[in-house]
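S.K.: quick one: sequence and predicted model below, then my questions.
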Amino acid sequence: MIEMSLINVKIKKLFCHQVIMTPMVIYFLAQRTKLNIL
């Protein structure tokens, strides 16, 4: 039971990290493509 809850916590942390990181990655890619177009 304890091991399962630890895994769930890790998944939640990973998911939160993804939610924060994905918009940043999209933003950086957008900036890069703007520079390439210019």
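M.R.: Looks like it arrived, so ask away. All values reported here derive from a predicted model rather than from experimental measurement.
S.K.: buried stuff in the one helix or strand Ile26 maps to?
M.R.: Counting by DSSP states H and E, the element that carries Ile26 is helix 2-37. Within helix 2-37, no residue counts as buried by 16 or more other Cβ atoms under 10 Å. In short, each C-beta sits where N, CA and C put it, glycine included.
S.K.: can you give me the offset of it from its chain's centre?
M.R.: Centroid displacement of helix 2-37 relative to its chain, using Cα atoms, centre = their mean, to the nearest Å, is 0 Å.
S.K.: ok, residues contacting stretch 11-28?
M.R.: Under the contact criterion Cβ atoms under 8 Å, 6 or more residues apart in numbering, stretch 11-28 has no outside partners.
S.K.: just the C-alphas of that stretch, formatted as PDB.
M.R.: What follows is stretch 11-28, C-alpha atoms only, in PDB (Å, rounded to 0.1, in the frame of the first residue of the first chain):
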ATOM      1  CA  ILE A  11       3.300  10.500 -11.000                       C
ATOM      2  CA  LYS A  12       1.600  13.600  -9.700                       C
ATOM      3  CA  LYS A  13       4.900  15.400  -9.400                       C
ATOM      4  CA  LEU A  14       5.900  14.400 -12.900                       C
ATOM      5  CA  PHE A  15       2.500  15.500 -14.200                       C
ATOM      6  CA  CYS A  16       2.700  18.900 -12.500                       C
ATOM      7  CA  HIS A  17       6.200  19.300 -13.900                       C
ATOM      8  CA  GLN A  18       4.900  18.500 -17.400                       C
ATOM      9  CA  VAL A  19       2.100  21.000 -17.100                       C
ATOM     10  CA  ILE A  20       4.700  23.700 -16.200                       C
ATOM     11  CA  MET A  21       7.300  22.700 -18.700                       C
ATOM     12  CA  THR A  22       5.200  22.100 -21.900                       C
ATOM     13  CA  PRO A  23       4.000  25.800 -22.300                       C
ATOM     14  CA  MET A  24       7.700  26.900 -21.700                       C
ATOM     15  CA  VAL A  25       8.900  24.500 -24.400                       C
ATOM     16  CA  ILE A  26       6.200  25.700 -26.800                       C
ATOM     17  CA  TYR A  27       7.100  29.300 -26.100                       C
ATOM     18  CA  PHE A  28      10.800  28.700 -26.800                       C
END
